[in-house]
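Novice: quick one, fold the following:
(chains A and B)
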Protein chains: 2
Amino acid sequence: MKARVFVTPKSTVLDPQGQTVRAALHGLGFAAIAEVRQGKFFEIALASGTTREQAQTDIETIAHDVLANPVIEEYRVEIVD
Amino acid sequence: MKARVFVTPKSTVLDPQGQTVRAALHGLGFAAIAEVRQGKFFEIALASGTTREQAQTDIETIAHDVLANPVIEEYRVEIVD
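Specialist: Here you go, the predicted model:
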């Protein structure tokens, strides 16, 4: 079983990394780019024999406690087979 | 129009960041975690009036030339409305 966790800065939080990428893209001539936000992305493989419920609980806990900082970031969890 | 670009290290490339996260999760008691790979994730907003074809071409070029290093990373592009 596999899981994916997406972590992005909250929309109310400044994202200097994304702003830098946007400025660089404008400099390269991509004028249509209005905004860029950069986040992190985790692909997690779970040991075989893990149930879907266990995976959901574990990954949710891991995303909240370890991978994301819920004060400034939001996260989304996807369980894939 | 919005686009998402996912950049992950190629499966043949070592991912020390992911290995560190995996070791940390094992240390915290999450024994079911077999592998972690960490990547980057970009949410890009395009100026209104951009056609879907233009967006697809631009974002593909940006992902290949700017956001990812195709020697060691692979990327995936998603165009969303």
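Novice: close to chain B: what parts of chain A are there?
Specialist: Proximity of chain A to chain B is assessed by CB under 8 Å from any CB of the partner chain, with A:6-8, A:18, A:21, A:24-25, A:28, A:30-47, A:50, A:54-55, A:58, A:62, A:66-67 identified as the residues in range. Glycine gets a C-beta too; all of them are placed from N, C-alpha and C.
Novice: the same query, at a cut-off of 6 Å, please.
Specialist: By the criterion of CB under 6 Å from any CB of the partner chain, the positions of chain A lying close to chain B are A:6, A:30, A:32, A:34-39, A:41-47, A:50, A:58.
Novice: so which residues of chain A form strands?
Specialist: For chain A, the strands defined by DSSP state E occupy A:2-9, A:33-46, A:73-80.
Novice: quick one: those as JSON lines, columns for distance to residue B:75 too.
Specialist: What follows is the strands of chain A, written out as JSON lines (distance: least, CB to CB, whole Å):
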{"stretch": "strand A:2-9", "distance to residue B:75": "15"}
{"stretch": "strand A:33-46", "distance to residue B:75": "11"}
{"stretch": "strand A:73-80", "distance to residue B:75": "18"}
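Novice: picking that back up, I'd like to know which of the residues of chain A next to chain B are buried.
Specialist: With neighbours counted using 16 or more other CB atoms under 10 Å in any protein chain shown, the residues of chain A next to chain B contain these buried positions: A:6, A:30, A:32, A:36-39, A:41-46, A:50, A:58.
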